[in-house]
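S.K.: Below is the sequence, then the predicted model.
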There are 2 protein chains.
Amino acid sequence: MVCPSPDQMMTAIRHPVTRKKRPVNTMAGKQDQYFSKTLEKGLSILNLFGRENPSRSLTEISTLTGINKTSTYRMVNTLVQLGYLRKNITDKSLRIGPKAFSLGHECFHGFDIYQGIKPIIDKTFFEHHISIDSALIDGYKLISLYRREMPNLVSFHLPLIMDELYARAMGKIVLANLGPDDLEHYFADLAPQKLTSHTLVDIDEIRKDIRNTRTRGYSINNKEYMTGVISIGAPMMNLQTKSVVGAVSLDFPSKEYSLDAIEKQYISVLLTLATEASDLITTAGIRQ
Amino acid sequence: MVCPSPDQMMTAIRHPVTRKKRPVNTMAGKQDQYFSKTLEKGLSILNLFGRENPSRSLTEISTLTGINKTSTYRMVNTLVQLGYLRKNITDKSLRIGPKAFSLGHECFHGFDIYQGIKPIIDKTFFEHHISIDSALIDGYKLISLYRREMPNLVSFHLPLIMDELYARAMGKIVLANLGPDDLEHYFADLAPQKLTSHTLVDIDEIRKDIRNTRTRGYSINNKEYMTGVISIGAPMMNLQTKSVVGAVSLDFPSKEYSLDAIEKQYISVLLTLATEASDLITTAGIRQ
DNA sequence: ATAGCTGTTACTGTTATAGTAACGGATTGG
DNA sequence: CCAATCCGTTACTATAACAGTAACAGCTAT
């Protein structure tokens, strides 16, 4: 289970399902005194900007976040005044500002897990010459952590935040290690997309695949996310709380590697890597 | 002038001096309806974390930000719930969370100025084999933008946000291009530190240096920030508003280069670079 | 056992924010 | 050329969210 005790719940990353309940404003659960909605809104605005979306308008932000236009204006104005966003004088379009840039730099390089996993992955990369990926769970999404890619692999520009857990090696092994309740929550509002001809879109098939993954101990993605790419994934576990917090995967071009060959040769590499990553995570105290 | 018209003032990055007035709560100026203090606080907390300070305690955050402990708790709790920070269960110490990591990544790589200046600096770097630095103004600080360093230079790990404008090539040229009012504001609460034996600490000397820099058109830092490093700097100007928004600098090891030689050989390189950077800045619409 | 740290919670007055509505400027289309 | 929309910005008010005091609980060291 992701949120076993009330104590852990506070510390844990807030669950998407739990979050959804908030707007309902059910008077039963007292409105968390110690949660700032304003800050949440401000950050959700900042999150709309990135490599893919460098520029946005006020109304765009308002509709995307669901925040009232005036409130959006207040938040945006604050961010502009503080330098996190900047505003084009003529068309009033908004872009990332210098302050967000420096904050970003600090947050990225100051993230201890990133600094910790880098050498681990690099080592495996140079030893075995294979593409390696790693990610952390956030709700029902994966946040890309660190990646090394061989030139033989079709360089696919990974999004930083990954949906489609059902179609990815890292996603599958995460799902396989979730508690039954969390897994059900995931399936509850799952609408699988056919990304390649191999993608599983039938819920029952996906369920079976997850069960197999669980007993197998590692996950297999046989060209289900991208044609020409076969991956195997293993979980990053917090060994104290016995919960998944992320995953690592090895990616191969299907032209050069058969699934059989991969399973024969690289499972031990994968599992060793996963163990090292799990140790790191456990001492760092990342919890689901 | 940094804030010439009320219209620009809103769009501009908020001036440190202007900001200071806020807490005085002078009833004369109506409390900005469209500025969220809560968001400001939340972001100021996030800013306390970085490569240098990966872990902090609640009281530490409270004292550093000057925010009441309970409010700090609320903000921190929010950030933890949203995944921007994470909390060690045992000692309750706080660290950067996965969400801040991904936000950071997006803000860093989504910053168009960074993407734009990279090729410009790279080109000059590969053509002339010299160390190059660039930065943007934020208040009276410089935010490091992009840097390429030659191995012959004592690799000094630059802080991302730079104070000590008076002792740096990029700082001096920025000061030299400020409006008289802004420059006075800068000098008003300046307490120069003697960083090397060459650092100017006498205010009048610094003033004279800034005047010389202004007429010269570029700045010179003769081992005033670091022993063994000579730099020359030129401004990044918004050519429409005729205001400084940042600076570029070329850095040389004093063992291999004399100041004379640098001025003879590299001023044109510097100014060309500055022009290209200014063009970028102007089209991007960065304003002071 | 006690003192002195933490972080956490209860409680309350007030203020900061949400949200409606209206405004002005720019752009579009008839 | 004027109406119709779009956009961002502002005025205004009820109310929910927040600030801040103070007390509490858990931990450590003396």
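M.R.: On my side now, so go ahead. Just so it is clear, the structure is predicted and the values come from calculations on it, not from any experiment.
S.K.: On the three-state scheme, residue A:232 is what?
M.R.: strand (DSSP: H, G, I helix; E, B strand; the rest coil).
S.K.: ok, now how distant is it from chain B?
M.R.: 23 Å (C-beta to the nearest C-beta, to the nearest Å). No exception for glycine: its C-beta is placed from N, CA and C like everyone else's.
S.K.: Count the neighbours of that residue for me.
M.R.: Using other C-beta atoms under 10 Å in any protein chain shown, the number of residues around residue A:232 comes to 27.
S.K.: looking at it, it is touching residue A:222, isn't it?
M.R.: No. Checked against C-beta atoms under 8 Å, the pair residue A:232 and residue A:222 is beyond contact range at 9.7 Å.
S.K.: and the stretch 1-150 of chain A, which residues reach DNA strand C?
M.R.: Listed as neighbours of DNA strand C in the stretch 1-150 of chain A under the rule C-beta under 7 Å from any atom of the strand: A:10, A:33-34, A:37-38, A:41, A:67-71, A:74-75.
S.K.: how about residue A:175, what does it touch?
M.R.: By C-beta atoms under 8 Å, 6 or more residues apart in numbering or on different chains, residue A:175 lies in contact with A:165-166, A:183, A:186, A:210, A:213.
S.K.: ok, now residue A:246?
M.R.: Residue A:246 neighbours (C-beta under 8 Å, 6+ apart): A:134-137, A:142, A:145, A:170, A:174, A:235-236, A:277, A:281, A:286.
S.K.: Show me the helices in chain A, by range?
M.R.: A:6-11, A:16-21, A:37-46, A:58-65, A:69-82, A:98-109, A:112-128, A:169-176, A:180-188, A:203-216, A:259-284 (DSSP state H).
S.K.: Okay, buried residues for the fifth one please.
M.R.: I take that to be helix A:69-82. Across helix A:69-82, burial judged by 16 or more other C-beta atoms under 10 Å in any protein chain shown covers A:72-82.
S.K.: So for the residue nearest the centre of chain A, what's the pLDDT?
M.R.: For chain A, residue A:142 is the residue whose C-alpha lies nearest the centre (C-alpha atoms, centre = their mean; 1.6 Å). If you check residue A:142, the pLDDT there is 93.
S.K.: go on, the one 4 residues further on?
M.R.: Model confidence at residue A:146, expressed as pLDDT, equals 94.
S.K.: Same check on residue A:256?
M.R.: 95.
S.K.: out of everything not next to it in sequence, what's closest to residue A:113?
M.R.: residue A:284 (5.7 Å; C-beta to C-beta, 6 or more residues apart in numbering or on different chains).
S.K.: In contact with that neighbour: list those residues for me.
M.R.: A:112-113, A:116, B:95.
S.K.: how near is it to residue A:115?
M.R.: 10 Å (C-beta to C-beta, to the nearest Å).
S.K.: wait, residue A:201 sits on residue A:191?
M.R.: No. Using C-beta under 8 Å, residue A:201 is not in contact with residue A:191; the gap is 9.1 Å.
S.K.: out of those two, which sits in the more crowded spot?
M.R.: residue A:201 (15 against 6).
S.K.: Name the residues of the stretch 51-200 of chain A found near DNA strand D, please.
M.R.: By the rule C-beta under 7 Å from any atom of the strand, the part of the stretch 51-200 of chain A lying against DNA strand D is A:57-60, A:69-70, A:73, A:76-77, A:87, A:92-93.
S.K.: try 6 Å this time
M.R.: Within the stretch 51-200 of chain A, the residues that sit near DNA strand D (C-beta under 6 Å from any atom of the strand) are A:57-59, A:69-70, A:73, A:92.
S.K.: Which one of the residues you listed is nearest to residue A:272?
M.R.: Distance to residue A:272 across these (C-beta to C-beta) is lowest for residue A:57, with 49.2 Å.
S.K.: Which of the helices of chain A sits closest to residue B:264?
M.R.: Here helix A:98-109 is closest among the helices of chain A (C-beta to C-beta), at 33.8 Å.
S.K.: how close does the closest residue to residue A:187 other than its chain neighbours sit to residue A:184?
M.R.: Nearest residue to residue A:187, sequence neighbours excluded (C-beta to C-beta, 6+ apart): residue A:203, at 6.4 Å. With the distance defined as C-beta to C-beta, residue A:203 ends up 12 Å from residue A:184.
S.K.: who has more neighbours, those two?
M.R.: residue A:203 (13 against 10).
S.K.: Tell me who's in contact with that one.
M.R.: A:187, A:190, A:192 are the contacts of residue A:203 under C-beta under 8 Å, 6+ apart.
S.K.: Give me the buried subset of those.
M.R.: Using 16+ other C-beta under 10 Å as the burial test, these include residue A:192 as buried.
S.K.: of all the contacts of residue A:203, which comes closest to DNA strand C?
M.R.: residue A:190 (29.6 Å; C-beta to the nearest atom of the strand).
S.K.: I figured the closest one was touching residue A:164, is that so?
M.R.: No. Under the criterion of C-beta under 8 Å, residue A:190 makes no contact with residue A:164, lying 9.9 Å away.
S.K.: next one: phi and psi at the residue of chain A most remote from its centre?
M.R.: Note on chain A: the largest C-alpha distance from the chain mean falls to residue A:90, namely 36.7 Å (C-alpha atoms, centre = their mean). Dihedral pair for residue A:90: phi -80, psi -60, per degrees, to the nearest 10.
S.K.: On the pLDDT front, check it for me.
M.R.: At residue A:90, pLDDT is 87.
S.K.: Next, work out how far apart it and residue A:100 are.
M.R.: From residue A:90 over to residue A:100 (counting by C-beta to C-beta), the distance is 22 Å.
S.K.: With residue A:225 instead?
M.R.: To residue A:100, residue A:225 is 31 Å away according to C-beta to C-beta.
S.K.: now swap in residue A:164 and tell me
M.R.: Applying C-beta to C-beta to residue A:164 and residue A:100 gives a distance of 28 Å.
S.K.: what's stretch A:105-114 in contact with?
M.R.: Outside stretch A:105-114, the residues touching it (C-beta under 8 Å, 6+ apart) are A:115, A:136, A:145-146, A:280-281, A:284, A:286, B:46-47, B:49-54, B:95-96, B:98, B:100-101, B:103-105, B:108, B:160.
S.K.: Could you count how many residues lie near whichever residue of the stretch 151-288 of chain A sits closest to DNA strand D?
M.R.: With C-beta to the nearest atom of the strand as the measure, residue A:285 is the residue of the stretch 151-288 of chain A nearest to DNA strand D, at 15.3 Å. Residue A:285 has 20 neighbours, counted by other C-beta under 10 Å.
S.K.: neighbours of residue A:96, just the number please.
M.R.: The tally of other residues near residue A:96 (other C-beta under 10 Å) stands at 28.
S.K.: How about residue A:52?
M.R.: 9.
S.K.: Quick check: which ranges of the stretch 101-250 of chain A have low pLDDT?
M.R.: A:155-158 (pLDDT under 70).
S.K.: Mind doing that once more with 90?
M.R.: Applying pLDDT under 90 to the stretch 101-250 of chain A flags the ranges A:138-139, A:151-163, A:189, A:240-242.
S.K.: Just to check, residue A:36 is in contact with residue B:78?
M.R.: Yes. With contact defined as C-beta under 8 Å, residue A:36 and residue B:78 form a contacting pair (4.5 Å).
S.K.: In contact with residue A:277, which residues?
M.R.: Contacts of residue A:277 by C-beta under 8 Å, 6+ apart are A:117, A:120, A:134, A:236, A:246, A:248.
S.K.: Tell me how far it lies from residue A:239.
M.R.: 11 Å.
S.K.: For residue B:45, see how far away the nearest residue to residue A:86 once chain neighbours are set aside is.
M.R.: Distances taken as C-beta to C-beta, 6+ apart place residue A:97 nearest to residue A:86, at 4.3 Å, with adjacent residues excluded. The gap separating residue A:97 from residue B:45 is 18 Å, by C-beta to C-beta.
S.K.: which of those two has more neighbours?
M.R.: Comparing residue A:97 with residue B:45 by neighbour count (other C-beta under 10 Å), the higher total belongs to residue A:97, at 27 against 24.
S.K.: Go ahead and confirm that one touches residue A:80.
M.R.: Yes. With contact defined as C-beta under 8 Å, residue A:97 counts as touching residue A:80 (7.2 Å).
S.K.: Lovely, talk soon.
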